[in-house]
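Peer 1: only geometry, no sequence info:
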């Protein structure tokens, strides 16, 4: 029974049913937010939303029954459970302000789109590298902000009068916003002001983006290799199960003598 349920959950018909419920539910949310609807229409939409929620709960309950304790060691199953739980909270009587959580149901589409699922897993795997890169960027910002206040605080107080102003100016420079005016304000009294700006741009706008892309690409490659290995392992497991079933079948027919 559980094997049949696992096959049903992995079937295209089950996926299509859940995806259709998600799309209908999101369409209802968007229409509800953008339009002022009548009481009768709201009742119909509420019934449709609850029907979609019932589909989510039923699919989650069947999955929990089919996989038993394995349900709690699979990351995507736990992820789906949290999203459905958030959607249930949004329908509680005194939690109307949590209706925004229903939008999270869109994230369930990642489970049915292998490429998007791989991308999301790669992003999660890359979090450690992204945090390290952001920490390095923060250090560079602080160093250049302090240098900016000490070197250009008197000549350009509107840009480097304090550390907070310096951080704001450097953020604008990194995204190439108002960069020319900043250079014009600091170069007349300091001949090496352009060196300060150009080295900061090189270390942040270019180096940071390249580091971030490197971390994401490495994580994506690692995740793709894991998926490939998992698919090979699943194929081998399936082949072993078929071979075992065939052996038992022939043993049952008596075509292969059973060893002591």
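Peer 2: Done, it's in. Remember, it's a predicted structure, so these values are computed and weren't measured experimentally. Residues are numbered from 1 along each chain as shown.
Peer 1: For the rest of this, base every contact and every neighbour count on C-alpha atoms.
Peer 2: Noted.
Peer 1: tell me the average confidence for stretch 141-150?
Peer 2: Averaging pLDDT along stretch 141-150 gives 91.
Peer 1: Stretch 64-81 too?
Peer 2: 81.
Peer 1: That one: end-to-end distance?
Peer 2: 10 Å (CA to CA, to the nearest Å).
Peer 1: I'd like the distance from it to the chain centre, please.
Peer 2: 19 Å (CA atoms, centre = their mean, to the nearest Å).
Peer 1: so which helix or strand takes in the residue nearest the centre of the chain?
Peer 2: In the chain, the centroid-proximal residue (CA atoms, centre = their mean) is residue 120; its distance is 4.4 Å. Using DSSP states H and E, residue 120 maps to helix 114-125.
Peer 1: residues near residue 214, how many?
Peer 2: Here the count is done by other CA atoms under 10 Å, and residue 214 has 14 residues near it.
Peer 1: quick check: longest helix of this protein.
Peer 2: Longest helix in the chain, counting residues (DSSP state H): helix 207-253.
Peer 1: Would you mark the buried spots in the helix holding residue 120?
Peer 2: Buried residues in helix 114-125, defined by neighbour count with 16 or more other CA atoms under 10 Å: 117-123, 125.
Peer 1: name the helices or strands packed onto it?
Peer 2: helix 207-253 (3 or more CA pairs under 8 Å, 6 or more residues apart in numbering; DSSP states H and E).
Peer 1: if you set the cut-off to 10 Å instead, what comes out?
Peer 2: Here helix 114-125 touches helix 127-152, helix 207-253, going by 3 or more CA pairs under 10 Å, 6 or more residues apart in numbering; DSSP states H and E.
Peer 1: And residue 7, which helix or strand is it part of?
Peer 2: With DSSP H and E as the criterion, the answer for residue 7 is helix 2-9.
Peer 1: residues in contact with the helix or strand following that helix?
Peer 2: Per DSSP H and E, the first helix or strand lying C-terminal to helix 2-9 is helix 12-34. By CA atoms under 10 Å, 6 or more residues apart in numbering, the surrounding residues in contact with helix 12-34 are 7-9, 37, 41-42, 45-46, 48-56, 59, 99-100, 102-109, 111-112.
Peer 1: Count the neighbours of residue 18 for me.
Peer 2: 19.
Peer 1: Next one: it from residue 107, what distance?
Peer 2: Applying CA to CA to residue 18 and residue 107 gives a distance of 12 Å.
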